[in-house]
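just need the structure, nothing else, for what follows:
(2 chains)
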2 protein chains.
Amino acid sequence: MNTFTQRLDGYRQRVEQQLDRLICADHSLEPRLQLTMRHGLLNGGKRLRPALVYLSHRLCSDAPANDLTDRAAVAIECIHSYSLVHDDLPAMDNDDLRRGLPTCHIAFDEASAILAGDALQCLAFEHLSAPGDNVPAALQLRMLNLLAQASGMYGMVLGQAFDLSHVDKPLTLEQLQAMHAHKTGALISAAVELGALSAGVTDADKLEPLRHYSRLIGLAFQIQDDLLDIEGNTETLGKPQGSDLTQNKPTYPALLGLEGARTRLHQLHDEAVEILRTFGPTADDLIALTDYIVHRDH
Amino acid sequence: MNTFTQRLDGYRQRVEQQLDRLICADHSLEPRLQLTMRHGLLNGGKRLRPALVYLSHRLCSDAPANDLTDRAAVAIECIHSYSLVHDDLPAMDNDDLRRGLPTCHIAFDEASAILAGDALQCLAFEHLSAPGDNVPAALQLRMLNLLAQASGMYGMVLGQAFDLSHVDKPLTLEQLQAMHAHKTGALISAAVELGALSAGVTDADKLEPLRHYSRLIGLAFQIQDDLLDIEGNTETLGKPQGSDLTQNKPTYPALLGLEGARTRLHQLHDEAVEILRTFGPTADDLIALTDYIVHRDH
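Alright, predicted model coming up:
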């Protein structure tokens, strides 16, 4: 592993240790709930969103990641995980496998999966609102409100609802972008902004370039996801290659063509990196992550 | 209507006006999500939990209810409503009717109901964390953390999980109490404490009698619910009378006998009122609500 992938792995371990400590099934009145939550949360995820939180903090500050950075990384992964647990449900995407493992409602049951998802969402807000040492309450509150806005009826959930109601219906490029901007983009943008906020960067003019950056990589992330579904390897992906096509889901390659989608992906990448370069050498790791998002194979 | 029921109706209208303004379907990318949320939220609920927030504030302060009192009342009703939307799902209690109306997954569809519940939970935390004028951030954060603790894996969701995993299994009185203390009690206790916190009462020794009071009425509320299922009127209840019995759910009357349950209900009521009397005349309305909880017919 090179230095960057080692650092990425370090962030992954750092957030997973916290997630592991947070949910204990041993002394619960109902251990099955906690076990289902752990299954949905500790399942080999890439932890890209926590990495974005840590690297955005690093971009904005010379100081090491602090308590609020950690909390934001944990909270955003709880939100992301709950959304996957619910998305996989029979009434939603009806997926039996995620990252090569049975989904929560298969490993446990549907009611447990619904409740575990509910509890994971709640845990995100509980953890981010818990009292800490030397934590400015106003900043903590602002971060919480940002995460809630990104997750809810005008953010992630809206994108998911739009997606479900347009299965088997043709989408324009504009509609496809609006869907992904909500469904995956909102949380990716929140991750970047939360990292900056935890570093004490709160002015709109300083946050704006980061917001722009985050919208570009949110879109790039989704295009690469679509390309992997066509070009990727079932084993590496942990889900059947080609599943978007067989489910007749609208994708960027379907609208732009394979070459068109690849070209757009690289345009987005280059524009995103250009923004980061204005921050100087502290941006190096976030640039490396941006490269990784575009070149990843799963 | 007497003065108290007029005041109760006033609180109901006050919270419903806020809920109504909060969710607008007109300009949404996906109006169906917001319509499902409105169906789950604005459906003729009694708004007992918001009333507890307002009356607990009134108990603790001569000043009128403030911005934080309103936000807490709205947030707790969003949490309560999301839990009902998810509880009614086919994989959970599989209920087609609530308060005489089709449940969300019947009026819309299962996926919409899951997503609307998710969005309602998120809305609670978004609304309670939104910036306000003259609101102390530390207090707001504490209220948010309290609500999250009461709602999640050691509160309401835990109670629901325990309930589901014990359908058709005998429960001891102790287990039944523990289940209800989580499933309904945690949110009722949170309502009382949130009202007090919004009035600036933050010391543990001042909050402790209110916590004790809230545990008593949480239990009383559930016993009256069980009694209404046996003695109530299907039309007034908005659900089939006797449905607990036919679903073989554990209840207080089943464990204590009808007379035993009634006696316990009145003991709890009297003990709760005794605590409130120590607060003097500002407790009158909360005492009236306590009477109402025990004597209500739906």
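
count of neighbours near residue A:24?
12 (other C-beta atoms under 10 Å in any protein chain shown). For the C-beta atoms, the positions are set from N, CA and C on the backbone; glycine is no exception.

how about it, nearest residue that isn't a chain neighbour?
Once flanking residues are discounted, residue A:24 sits nearest to residue A:34: 6.7 Å by C-beta to C-beta, 6 or more residues apart in numbering or on different chains.

whichever strand or helix holds residue A:52: how far from the chain's middle?
Following DSSP states H and E, one finds residue A:52 within helix A:48-60. Averaging C-alpha positions (C-alpha atoms, centre = their mean, to the nearest Å) puts helix A:48-60 12 Å from its chain's average.

contacting residues for the residue nearest to residue A:24?
A:23, A:24, A:25, A:28, B:153 (C-beta atoms under 8 Å, 6 or more residues apart in numbering or on different chains).

measure the fourth one to chain B for me?
The span separating residue A:28 from chain B equals 7 Å under the rule C-beta to the nearest C-beta, to the nearest Å.

let me see the contact set for that residue.
A:34, B:153, B:154, B:158.

rewinding a little: closest one of the contacts of residue A:34 to residue A:251?
Nearest to residue A:251, judged by C-beta to C-beta, of these is residue A:23 at 34.6 Å.

please tell me how far the closest one sits from chain B.
7 Å.

hang on, residue A:14 packs against residue A:64?
No - using C-beta atoms under 8 Å, residue A:14 is not in contact with residue A:64; the gap is 11.2 Å.

more neighbours: these two, which one.
Under the criterion of other C-beta under 10 Å, the comparison of residue A:14 against residue A:64 puts residue A:14 first, with 18 against 9.

check the secondary structure at residue A:139 for me.
Recorded secondary structure, residue A:139: helix (DSSP: H, G, I helix; E, B strand; the rest coil).

residues contacting residue A:84?
Residue A:84 touches A:40, A:98, counting by C-beta under 8 Å, 6+ apart.

helix or strand for it, which one?
helix A:67-87.

in CSV, list the C-alpha atoms belonging to that helix.
Provided in CSV are the C-alpha atoms of helix A:67-87 (Å, rounded to 0.1, in the frame of the first residue of the first chain):
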residue,chain,number,x,y,z
ASP,A,67,-13.9,15.2,18.7
LEU,A,68,-16.4,16.8,16.3
THR,A,69,-14.6,15.4,13.2
ASP,A,70,-14.9,11.9,14.7
ARG,A,71,-18.6,12.4,15.6
ALA,A,72,-19.4,13.7,12.1
ALA,A,73,-17.6,10.7,10.5
VAL,A,74,-19.5,8.3,12.7
ALA,A,75,-22.9,10.1,12.2
ILE,A,76,-22.7,10.3,8.5
GLU,A,77,-21.8,6.6,8.2
CYS,A,78,-24.8,5.7,10.4
ILE,A,79,-27.1,7.7,8.1
HIS,A,80,-25.5,6.1,5.0
SER,A,81,-25.9,2.6,6.5
TYR,A,82,-29.5,3.1,7.6
SER,A,83,-30.4,4.2,4.1
LEU,A,84,-28.8,1.0,2.6
VAL,A,85,-30.7,-1.2,5.1
HIS,A,86,-34.0,0.4,4.1
ASP,A,87,-33.2,0.6,0.4
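
moving C-terminal of that helix, what's the next helix or strand?
strand A:97-98.

contacts for the following helix or strand past that next one, please.
Where DSSP H and E defines the elements, the next helix or strand beyond strand A:97-98 is strand A:101-102. With C-beta under 8 Å, 6+ apart as the test, strand A:101-102 has contacts from A:43, A:44, A:96, A:107, A:238.

what subset of those is buried?
A:43, A:107 (16 or more other C-beta atoms under 10 Å in any protein chain shown).

narrow the contacts of strand A:101-102 to those in helices?
Cross-referencing these against helices under DSSP state H gives residue A:107.

tell me the pLDDT at the closest residue to chain B within the stretch 151-298 of chain A?
Ranked by C-beta to the nearest C-beta, the top residue of the stretch 151-298 of chain A for proximity to chain B is residue A:152, at 3.6 Å. pLDDT, residue A:152: 97.

could you do residue A:233 as well?
64.

just for the stretch 1-150 of chain A, where's the confidence low?
A:1 (pLDDT under 70).

which parts of it sit against chain B?
A:23, A:28-30, A:32-34, A:37, A:82-83, A:86, A:89, A:91-92, A:109-112, A:114-115, A:117-119, A:121-123, A:125-126, A:129-131, A:137-138, A:140-142, A:144-145, A:148-149 (C-beta under 8 Å from any C-beta of the partner chain).

show me which positions of the helix holding residue A:84 end up buried.
A:68-87.

dump the C-alpha coordinates for stretch A:119-137 into CSV.
As requested, C-alpha coordinates have been extracted for stretch A:119-137 and formatted as CSV (Å, rounded to 0.1, in the frame of the first residue of the first chain):
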residue,chain,number,x,y,z
ALA,A,119,-32.4,3.1,15.2
LEU,A,120,-29.3,3.8,13.0
GLN,A,121,-30.7,7.1,11.8
CYS,A,122,-31.5,8.1,15.4
LEU,A,123,-28.1,7.0,16.5
ALA,A,124,-26.5,9.5,14.0
PHE,A,125,-28.3,12.4,15.6
GLU,A,126,-27.8,11.1,19.2
HIS,A,127,-24.1,10.7,18.7
LEU,A,128,-23.6,14.1,17.0
SER,A,129,-25.6,15.8,19.8
ALA,A,130,-24.0,14.2,22.7
PRO,A,131,-22.1,16.5,25.1
GLY,A,132,-18.4,16.7,24.6
ASP,A,133,-15.4,18.5,26.1
ASN,A,134,-14.4,21.8,24.6
VAL,A,135,-17.0,21.5,21.9
PRO,A,136,-18.7,24.8,20.9
ALA,A,137,-22.4,24.0,21.2
